[in-house]
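K.L.:
Pasting the sequence and the predicted coordinates here, then a few questions.
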Amino acid sequence: MIPASFTIPDRQALWRWQVQRRLLPFVVHPDAGRPVTPVADTVLPEWTIEPDWVCYCGGVGEDIRFELDLARRWGVHVHLFDPTPRSIAFMEAVELPAEQYTFLPVGLWSDDATLHFAAPQNEEYVSHTVMDGSAQPGFDAPCRSIPSLMSELGHDRVDLLKMNIEGAEGAVLDAALAAGIRPQVITLTWEGDGAFRKAVARTSRLRSEGYAFVGRNAWFFTYVNEEQPRPASAQADSRRR
């Protein structure tokens, strides 16, 4: 039983993490035969990643273990996006090498716009969200669509898209797919209101778009584009197994 002293956000978090998270394996099943490897707080297919991949990571917070692993393990250049003031200060403090990392203090959204980011209920948390309405305290910041960022950064594709952006993942993903952008790997969190429903419905939608659901860590789900050929090195690894 949930204690009566819990606030509504406490109850929602408890329901999501202690009940719905445990139900996910019974409702959303990974597609078989696709081994994965853990990377920070998510998983990636074992055959990734090629050094020339274009990697976009939305939502820095104050944790870039995933992005550090991408650059160190596979030699890719990682592009990070987050407009949160604490995240900007964090990125300025870590002083990452410019040849491996690019950071832009902007949010990800379905189009280019200035949006209000509402503060979390717990002041110790760093993450803000555009999904809670403008009435909440917070800050306004510029947001960009994936196609707009690609145009600015000179990219004709995105190979890996990682998002942990407090409930805005669906809007960003829908706009990217509608624009014909089809990353080889998508790894993201389903969160916010209706996270369980999103995990089920969005996984079904991505499968209809040619993506396989290959694995998850808690609410971090990873999908692979089955319609694009694997890198040559991955095909060679598969033949050796």
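P.N.:
Arrived safely. Numbers count the residues shown, from 1 in each chain.
K.L.:
May I have stretch 36-43 exported as CSV, CA atoms only?
P.N.:
Taking C-alpha atoms only, stretch 36-43 is exported to CSV below (Å, rounded to 0.1, in the frame of the first residue of the first chain):
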residue,chain,number,x,y,z
VAL,A,36,23.0,-6.1,-26.7
THR,A,37,25.7,-4.7,-24.5
PRO,A,38,25.2,-2.3,-21.6
VAL,A,39,26.4,1.2,-22.0
ALA,A,40,25.9,3.5,-19.0
ASP,A,41,22.1,3.6,-18.3
THR,A,42,21.0,2.0,-21.5
VAL,A,43,21.9,-0.8,-23.9
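K.L.:
Give me the contact list for that stretch.
P.N.:
44-46, 63, 65-66, 69-70, 73, 162, 187, 214-218, 220, 222 (CB atoms under 8 Å, 6 or more residues apart in numbering). No exception for glycine: its C-beta is placed from N, CA and C like everyone else's.
K.L.:
Show me those residues that map onto strands.
P.N.:
L44, P45, K162, T187, V214, G215, R216, N217, F220, T222 (DSSP state E).
K.L.:
what's the span of stretch 169-188 from first residue to last?
P.N.:
The first and final residues of stretch 169-188 sit 7 Å from each other (CA to CA, to the nearest Å).
K.L.:
Can you give the distance of that stretch from its chain's centre?
P.N.:
The chain centroid and the centroid of stretch 169-188 are separated by 10 Å, computed with CA atoms, centre = their mean, to the nearest Å.
K.L.:
one step back: list only those of the contacts of stretch 36-43 flagged as buried.
P.N.:
With burial judged by 16 or more other CB atoms under 10 Å, the buried subset of the contacts of stretch 36-43 is 44-45, 66, 69-70, 162, 187, 214-217, 220, 222.
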